[in-house]
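Asks: Give me a model of this one.
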Amino acid sequence: MPTIGQRRSTTRRLLHGITKIMLPLTVVAGVTTVTAPAASAATPTLTVDLGTTTGAFHGGASGALYGLSGPDVPTNNLIEGMGLQTTNTKYQDGQQHTGSDALEVAKPFVDSGGKDVMIYMTDVYRRWPYERASYAEFQAYMKTQVEQAMASPYKDQIVFVPYNEPDGNWFPGLRTNGGSQAAFNAEWKQTYDFIKGIWPAARLAGPNNSSYTDSALNSFLTYCKANNCLPDVVTWHTLGSPAAVRSTVDSYRALETAAGISTPLPINLNEYAYRYHLTDPGQMVQWIAALEDKKVDGNLPYWNINGHLGDSAAGQNTPNAQWWLYNWYSSMSGNTVKVTGAANDDAYTLQGLASLDTAKKQARVILAGGGTSGASDTVIKNIPSSVFGSTVHVSVFQDRWSGYLGAAATPTRLSDADVAVGSDGSITLPITLDAMSAYQVIVSPGGTGSATASDSTWSASYEAENATLSGSGYNINTEGTTSSIAKFATSGTKDVGGLRTDSTTVISFPVSVPTTGDYNLSVFGNSSTAASAVKGPTNVYARVDGGASHRVDIPVGFQWVVWGHDDITGHLTAGSHTIPLAPSGDNGAATVGAAIVDQIYLHY
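Replies: Numbering: from 1, shown residues only. Coordinates of the predicted model:
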């Protein structure tokens, strides 16, 4: 009888989904070569033009609000590997959050290659909205911050952010009320002069509104230009649609020109993306592409807990899939090149970014469907023969979603082969997209060396909401969607609850495997510290075809829908099986706690 038993570490990489790149292969003179078919007009196509440069690679999308908690949380290894450029964090010894004190995170941040530490001066306060009693009180706090920063060995990396979302705090109606805007402008001038009076070399960022509006930025820029108080970095938050990045930056640049600002100021969208986007490589590519396209900086938001690099770390020294996406991004070099998406850069469509480094003789492309799945073509054109020759070597990798607390190892190498460049200087790569995956293509000169083995190991995923549900007390929950971005990313957008203390819910998954052998079974779920019944990971029990039960510990998170996974291994015969998850096991074993289940994965 098939069995499931031996437990694997939850930090083991879960390879899930069965989407693979489909490249027709031929073998010529012992060299594996890709025959590149023509793109279909009906197939979504990403076009990469290596002949059209869009500027030096910037890397500014790698940033995080409250991404560091303190020394070694997270490790320098994770900070450097993500290419973190900027971080916004709190006033030293401020009350807004535990940890993340500016002068304590500065050392690991800078040691790991970071550039600017942006201090949220308002986060000296405990509550939100901020509870200042008077401007004089706030000014006294600012004086302490500036004097502390001046004495720091990292003073050259510090940027002061005097106001955080002033339109939602001390200046309500700022985006629509002219009186509030005038009051803010005047106080900004007062604060600017106050800080510069203490430290003339200090850098300031603002206005830092909760969103972009032309009227607010126009008033702010016009006033600051006239009163000699322009910020060193212009900041605002873009938390809704990734499609807003390009349009708002373009609008802002037009306002600069109109205000007579001849040298464009650096921009940092120092809080970008929402819960539905975060942790999902398939969603985050469109954000990174837009920020890189406009050559601006940005920081991932703080929606959850600090010290996780903007939801990119599954643990102190453990990456999740989002971290690997930023690792890819920070590995780009040289110049970026023109990339045309499938639908004019509309949100939730096939998009990407690309770079060409002629010195390295390497081109890199990062792409994703923005939540869409199925067939796609990536066309790389104007491949310079002087750099690559007439044959290029193409490696394609897939970065599969692993959840927030789900560990992710190195992305899967889907294909590694030589490709003959067409007479028009292009190649076409058909890639079957998984909705929650990102893909990387690396192009280098071909015709020499040997191909690296790709990973074509069988794997499949099974959604809990599509399983057979029995017993009582179960429920199907809808999580994040494109119209509900405040909720968390979830495979298939749904999960199943009901596995809890004293329940009778059973979630039965019909599965089919192609080969007799050992399989990794990963249960993707979550239990929440907010639930009174939860004292730690919630134990549930898996069986195969009515066999012996085996314990699975559903990871516990700081709230519901913070996905992780627990893995066990077992032996399955080729063919169909049923794998139920239940709140009871053999010999009286029973669930203690409460859990929701997103899906299970099987990997040969």
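Asks: From now on I want contacts and neighbour counts done on CA atoms only, so please keep to that.
Replies: Noted.
Asks: and stretch 524-539, which residues are buried?
Replies: F524, G525, N526, S527, S528, T529, A533, V534, G536, P537, T538, N539 (16 or more other CA atoms under 10 Å).
Asks: swap in stretch 352-363?
Replies: G352, L353, A354, S355, L356, D357, T358, Q362, A363.
Asks: now, which of those residues lie within strands?
Replies: G352, L353, A354, S355, L356, D357, Q362, A363 (DSSP state E).
Asks: show me what contacts the residue nearest to the fourth one when sequence neighbours are not counted?
Replies: Pointing back at S355 there. In space, and not counting its chain neighbours, S355 is closest to T336: 4.1 Å by CA to CA, 6 or more residues apart in numbering. Under the criterion of CA atoms under 8 Å, 6 or more residues apart in numbering, the neighbours of T336 are T53, T54, G55, A56, F57, L353, A354, S355, L356.
Asks: would you turn these into JSON lines with pLDDT and distance to I158?
Replies: Formatted as JSON lines, these follow (pLDDT from 0 to 100; distance: CA to CA, whole Å):
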{"residue": "T53", "pLDDT": "98", "distance to I158": "32"}
{"residue": "T54", "pLDDT": "98", "distance to I158": "29"}
{"residue": "G55", "pLDDT": "98", "distance to I158": "27"}
{"residue": "A56", "pLDDT": "98", "distance to I158": "24"}
{"residue": "F57", "pLDDT": "98", "distance to I158": "23"}
{"residue": "L353", "pLDDT": "98", "distance to I158": "30"}
{"residue": "A354", "pLDDT": "98", "distance to I158": "31"}
{"residue": "S355", "pLDDT": "98", "distance to I158": "30"}
{"residue": "L356", "pLDDT": "98", "distance to I158": "32"}
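Asks: rewinding a little: most widely separated two among the buried residues of stretch 524-539?
Replies: Farthest pair in those (CA to CA) is F524 and A533. Separation: 19.7 Å.
Asks: F397: what secondary structure?
Replies: strand (DSSP: H, G, I helix; E, B strand; the rest coil).
Asks: Look up the closest residue to P510, ignoring the ones flanking it.
Replies: Residue nearest to P510 in three dimensions, not counting chain neighbours: T578, with 4.5 Å by CA to CA, 6+ apart.
Asks: Could you point out the helix or strand that follows the helix or strand hosting that neighbour?
Replies: Here T578 sits within strand 575-582, counting by DSSP states H and E. Next helix or strand after strand 575-582 toward the C-terminus (DSSP H and E): strand 594-603.
Asks: for that next one, packing partners?
Replies: strand 459-463, strand 494-500, strand 517-528 (3 or more CA pairs under 8 Å, 6 or more residues apart in numbering; DSSP states H and E).
Asks: CA-only coordinates of that strand in CSV, if you can.
Replies: This file holds the C-alpha atoms of strand 594-603, laid out as CSV (Å, rounded to 0.1, in the frame of the first residue of the first chain):
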residue,chain,number,x,y,z
ALA,A,594,-7.2,25.8,14.0
ALA,A,595,-5.9,26.0,10.4
ILE,A,596,-6.8,27.0,6.9
VAL,A,597,-5.5,25.1,3.8
ASP,A,598,-4.7,26.6,0.5
GLN,A,599,-3.4,23.6,-1.5
ILE,A,600,-1.1,20.6,-1.5
TYR,A,601,1.8,19.9,-3.8
LEU,A,602,3.3,16.6,-4.9
HIS,A,603,6.8,16.5,-6.2
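Asks: which residues sit against it?
Replies: 14-17, 457-465, 490-491, 494-501, 519-528, 531, 533-534, 538, 554, 561.
Asks: mind redoing it with 6 Å?
Replies: Contact partners of strand 594-603, identified using CA atoms under 6 Å, 6 or more residues apart in numbering, comprise 16, 459-464, 495-497, 499-500, 519-527.
Asks: got it, and stretch 415-425?
Replies: Under CA under 6 Å, 6+ apart, the answer for stretch 415-425 is 32-34, 381-383, 390-396, 427, 446, 451-452, 454.
Asks: Show me the contact partners of stretch 379-399.
Replies: The contact list for stretch 379-399 (CA under 6 Å, 6+ apart) reads 47-51, 361, 411-421, 425-428, 437-446.
Asks: Just the mean pLDDT for that stretch, thanks.
Replies: Average pLDDT, stretch 379-399: 98.
Asks: cool, stretch 254-269 as well?
Replies: Mean predicted lDDT for stretch 254-269 stands at 97.
Asks: from what I can see A408 touches Q322, true?
Replies: No: under the contact definition of CA atoms under 6 Å, A408 does not touch Q322, with a separation of 8.9 Å.
Asks: ok, these two, which is more surrounded?
Replies: More neighbours surround Q322 than the other of A408 and Q322, with 33 against 27 (other CA atoms under 10 Å).
Asks: Please report the distance of that one from Q398.
Replies: Separation of Q322 from Q398 (CA to CA, to the nearest Å): 12 Å.
Asks: Do a quick rundown of the helices in the stretch 151-300 of the chain.
Replies: 178-198, 214-226, 244-258, 281-294 (DSSP state H, counting those that start in this stretch).
Asks: Can I get those helices in CSV including mean neighbour count and distance to T505?
Replies: Output for the helices of the stretch 151-300 of the chain, formatted as CSV (neighbours: other CA atoms under 10 Å; distance: least, CA to CA, whole Å):
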stretch, mean neighbour count, distance to T505
helix 178-198, 17, 55
helix 214-226, 18, 53
helix 244-258, 17, 43
helix 281-294, 26, 32
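Asks: how about these, which one is nearest A314?
Replies: helix 281-294 (14.4 Å).
Asks: contacting residues around L499?
Replies: Contacts of L499 (CA under 6 Å, 6+ apart): T505, P583, A594, A595.
Asks: partners of the third one in the sheet?
Replies: According to DSSP bridges, R500 are recorded as the beta-bridge partners of A594.
Asks: mind checking pLDDT for it?
Replies: Looking at A594, the pLDDT reads 97.
Asks: what do you get for T3?
Replies: At T3, pLDDT is 52.
Asks: these two touch, right, L433 and G371?
Replies: No: with contact defined as CA under 6 Å, L433 does not count as touching G371 (9.2 Å).
Asks: Of these two, give the one with the bigger neighbour count.
Replies: Neighbour count, other CA under 10 Å: between L433 and G371, L433 has more, with 26 against 23.
Asks: If anything else comes up later, I'll come back, but that's it for now.
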